[in-house]
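Q: Curious how this folds, go ahead:
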Amino acid sequence: METEVNKAAAERWRRHEMIGVVTSSKMQKTIVVRVTRQIQHKLYQRYIRVHKKFYAHDEQGEARPGDTVRIVETRPMSKLKRWRLAEVLARRTSVD
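A: Numbers count the residues shown, from 1 in each chain. As a prediction, this is how the structure comes out:
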């Protein structure tokens, strides 16, 4: 019975995760991540790309613009920041 309670609590408190590309890292300990997802148009049944930007907490300052990162949901840290950087999945390959 104890394992069922722990399992239910773990399921209830699972945090949302998203993968996106860093668009800005000019703020102190904050990055802007652009998350792209595909949705189906209700009338035309075509798939379209929808973008949304999220502000995420980057304590170590390790993310750079162009990097692909994973962010996880966390407690509110400021007016706009409700996410934190979990890991950098891929570094930017092109040099601008």
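Q: what helices or strands is whatever helix or strand R84 lives in leaning on?
A: Using DSSP states H and E, R84 sits within strand 81-90. Strand 81-90 makes packing contacts with strand 17-27, strand 30-40, strand 47-57, strand 68-73 when contacts are defined by 3 or more CB pairs under 8 Å, 6 or more residues apart in numbering; DSSP states H and E. Bear in mind the C-beta positions are built from the backbone N, C-alpha and C, glycine included.
Q: Could you tell me the angle between the direction of that strand and that of strand 30-40?
A: Angle of strand 81-90 versus strand 30-40, following axes from the mean of the first three to the mean of the last three CA atoms, to 10 degrees, is 80 degrees.
Q: and strand 81-90, which strands flank it?
A: When pairing is defined by DSSP bridges, strand 81-90 lines up against strand 47-57 (parallel), strand 68-73 (antiparallel).
Q: can you redo those as CSV with mean neighbour count and mean pLDDT?
A: Shown next, in CSV, are those (neighbours: other CB atoms under 10 Å; pLDDT from 0 to 100):
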stretch, mean neighbour count, mean pLDDT
strand 47-57, 14, 98
strand 68-73, 18, 97
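Q: Rebuild the helices and strands packed on strand 81-90 as CSV, extending it with distance to S94.
A: Converted to CSV, the helices and strands packed on strand 81-90 look like this (distance: least, CB to CB, whole Å):
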stretch, distance to S94
strand 17-27, 12
strand 30-40, 17
strand 47-57, 20
strand 68-73, 13
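Q: Quick one, which of those gets closest to L89.
A: Ranking those by proximity to L89 (CB to CB) places strand 68-73 first, at 4.6 Å.
Q: Run through who's touching that closest one.
A: Contacts with strand 68-73, where a contact means CB atoms under 8 Å, 6 or more residues apart in numbering, come from 15-22, 31, 33, 54, 56, 63, 82-90.
Q: quick one on the thing from earlier: distance to H41 added to the strands paired with strand 81-90, as CSV?
A: CSV is the format used below for these (distance: least, CB to CB, whole Å):
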stretch, distance to H41
strand 47-57, 6
strand 68-73, 26
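Q: With respect to Q40, which of those lies nearest?
A: Closest among the strands paired with strand 81-90, using CB to CB: strand 47-57, at 5.6 Å.
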